[in-house]
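A.B. asks: no sequence for this one, just the structure:
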């Protein structure tokens, strides 16, 4: 939530305006050498490696609700990441080894696989060395200002064929600020690890989605994958991550914790010496709220909001897939209010003081809206992926709209109206310019991204619901989610399903609002 354009990756770009004043009224009422610089001799991984049983998905079963466990027999081409990570005592560095089995799921043969090195775009530094493909050393190449790593293949990978790629990596974690709104940072005895591991981007008919991120863009455009991460860290650091903790041991002053997550678009970790945890069950899912004990009131509000949001969205869109969901008061720096990851969201701790004013408005009002929005991304971004660089409206505008439905479900028409006023307030910041909502993220300048994608965008979704009829639209939106579950949604598939539901031509409407033609 901001009074200026903020935050990436689903983070919420709220602006102070009529919406939140309406919400306030509501609240009142109720092998090769190093790639990059030379490395130190710091141990790269725990002594016991992850077991490379690539096809055995039993470790993920406990993390999925009953209705989702069918997925374990599906997604045969999903990448499987095995990560071994050691976090330094001062939290400023981590060293690791990554082994990933990658399957070519496109018809085009591949002569290389790309990895994104997000720390090199986020104020930190990622180094890679010792790269092997199917056990044989190769010489990778850094491209595009060290943002992408090209790993060559000795033999072209045909459709359906697999390769196991191994690399050692190290990451320097910035101590404050950093790039990309401080999403990769260690500060105040806490750690936030956004995109810390080399990650394979989507490869499709357009090629590899690699390279530096354009302005405004979220970082993640990845296929749904499975992750097993064994993490060695100081014993006093309470770790929270995507997925479920499946094993823990103590080794003197160190802890070794294994997490299993998947299917998921990404893998995220956070940690703090100060976390105190509140928990509540909603259906088969344990919701946890992690924050310092001094932030107990805000932590309770975050917990209650997450529970209600999961209930609302599960009923409307399909069941939340995991048996755990975590809300973390993280060390967000540089203006981020909130940020989503698979099964976990990070919140700016400045919103947790019930008596505070955050960006000109009462902190509890901001916290509820931010949590509700970020929970919505568990459906739009994670379960249903999309190209957040080229078609950001598909997750952000749609998530804004369903956040309005959260307010309708939990606060009635007054809640909906207050939240909707915020969309208009955002759009007002650019004089309600009829700029298309469907442009790539980097095509918006200054305030335009927040105003158009987060303001005009959900107004388009609302107008679409009115044209289709609310019942028809609700059925369509659920069908869109289910049809693209663990797949990639596109503007074309969104429109096609909408037209199928309403039996109408939506071309003129998409031209006016989305494409600007």
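C.D. replies: Everything's here; your move. None of the values given here were measured: they were computed from a predicted structure.

A.B. asks: Pull the contacting residues for the residue nearest to the spatial centre of the chain.
C.D. replies: By CA atoms, centre = their mean, the chain has its centre lying nearest to residue 341, at 3.1 Å. Listed by CB atoms under 8 Å, 6 or more residues apart in numbering, the contact set of residue 341 reads 9, 194, 242, 266, 267, 268, 382. In short, each C-beta sits where N, CA and C put it, glycine included.

A.B. asks: Distance of it relative to residue 183?
C.D. replies: 10 Å (CB to CB, to the nearest Å).

A.B. asks: same question, residue 297
C.D. replies: From residue 297 to residue 183 the distance is 25 Å (CB to CB).

A.B. asks: These two: who's more crowded?
C.D. replies: residue 183 (29 against 15; other CB atoms under 10 Å).

A.B. asks: right, and that one touches residue 121 too?
C.D. replies: No - using CB atoms under 8 Å, residue 183 is not in contact with residue 121, being 10.4 Å away.

A.B. asks: can you tell me which residues contact residue 57?
C.D. replies: 72, 226, 262.

A.B. asks: Of those residues - the most surrounded one?
C.D. replies: Going by other CB under 10 Å, residue 262 tops these with 29 neighbours.

A.B. asks: Go ahead and list the helix or strand containing that residue.
C.D. replies: Assigned by DSSP states H and E, residue 262 belongs to strand 254-264.

A.B. asks: What pairs with that strand, parallel or antiparallel?
C.D. replies: Applying DSSP bridges, strand 254-264 is found paired with strand 225-234 (antiparallel), strand 244-251 (antiparallel).

A.B. asks: Just send the ones you listed back as TSV, with distance to residue 456 and mean pLDDT too.
C.D. replies: Shown next, in TSV, are these (distance: least, CB to CB, whole Å; pLDDT from 0 to 100):
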stretch	distance to residue 456	mean pLDDT
strand 225-234	33	98
strand 244-251	39	96
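
A.B. asks: hey, where'd the helices end up in the chain?
C.D. replies: Listed in chain order, the helices of the chain (DSSP state H) span 18-29, 296-317, 363-376, 393-428, 448, 457-468, 470-483, 491-502, 507-510.

A.B. asks: Run a quick neighbour tally on residue 203.
C.D. replies: Residue 203, neighbours per other CB under 10 Å, totals 19.

A.B. asks: quick one: contacts for it?
C.D. replies: Residue 203 touches 104, 105, 106, 110, 114, 209, counting by CB under 8 Å, 6+ apart.

A.B. asks: Compute the distance between the nearest residue to residue 194 once chain neighbours are set aside and residue 190, please.
C.D. replies: Leaving aside its chain neighbours, residue 194 sits nearest to residue 183 (3.8 Å; criterion: CB to CB, 6 or more residues apart in numbering). Distance of residue 183 to residue 190, computed by CB to CB: 13 Å.

A.B. asks: Just give me the neighbour total for residue 357.
C.D. replies: 11.

A.B. asks: okay, and for the chain, where does confidence drop off?
C.D. replies: Under the criterion pLDDT under 70, the flagged ranges of the chain are 1-49, 177-181, 331-335, 517.

A.B. asks: domain ranges for it?
C.D. replies: Domain segmentation of the chain under automatic domain parsing yields 18-29+277-515, 58-175+196-270.

A.B. asks: Take these and write them to TSV, including distance to residue 52.
C.D. replies: Formatted as TSV, the domains of the chain follow (distance: least, CB to CB, whole Å):
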stretch	distance to residue 52
domain 18-29+277-515	22
domain 58-175+196-270	6
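
A.B. asks: The closest residue to residue 222 other than its chain neighbours - how many residues pack around it?
C.D. replies: Counting by CB to CB, 6+ apart, residue 222 lies nearest to residue 265, which is 5.2 Å off, once chain neighbours are set aside. By other CB under 10 Å, the residues close to residue 265 number 26.

A.B. asks: If residue 149 is in a bridge, with which residues?
C.D. replies: Bridge pairing for residue 149 - DSSP bridges - gives residue 115, residue 142.

A.B. asks: which residues sit in contact with it?
C.D. replies: Residue 149 touches 35, 114, 115, 116, 117, 128, 140, 141, 142, 143, 198, counting by CB under 8 Å, 6+ apart.

A.B. asks: hang on, isn't the last one packed against residue 98?
C.D. replies: In this case it means residue 198. Yes - counting by CB under 8 Å, residue 198 touches residue 98, with 6.1 Å between them.

A.B. asks: For the two, list the residues in contact with both.
C.D. replies: What both residue 198 and residue 98 touch, as defined by CB under 8 Å, 6+ apart, is the set 167, 169.

A.B. asks: Compare the two and say which one has the larger neighbour count.
C.D. replies: Using other CB under 10 Å, the more surrounded residue of residue 198 and residue 98 is residue 198, with 27 against 23.

A.B. asks: Ignoring the adjacent residues along the chain, who's closest to that one?
C.D. replies: residue 115 (3.9 Å).

A.B. asks: quick one, what contacts residue 458?
C.D. replies: Applying CB under 8 Å, 6+ apart to residue 458 gives the contacts 397, 398, 400, 401, 404, 420, 423.

A.B. asks: Widest-spaced pair of the residues you listed?
C.D. replies: Spanning the widest gap among the contacts of residue 458 are 398 and 420, at 14.8 Å by CB to CB.

A.B. asks: Those two - which one has more neighbours?
C.D. replies: Applying other CB under 10 Å to residue 398 and residue 420 shows that residue 398 carries more neighbours, namely 26 against 21.

A.B. asks: List the single closest residue to that one in space, sequence neighbours excluded.
C.D. replies: Closest to residue 398 by CB to CB, 6+ apart is residue 380, at 5.1 Å.
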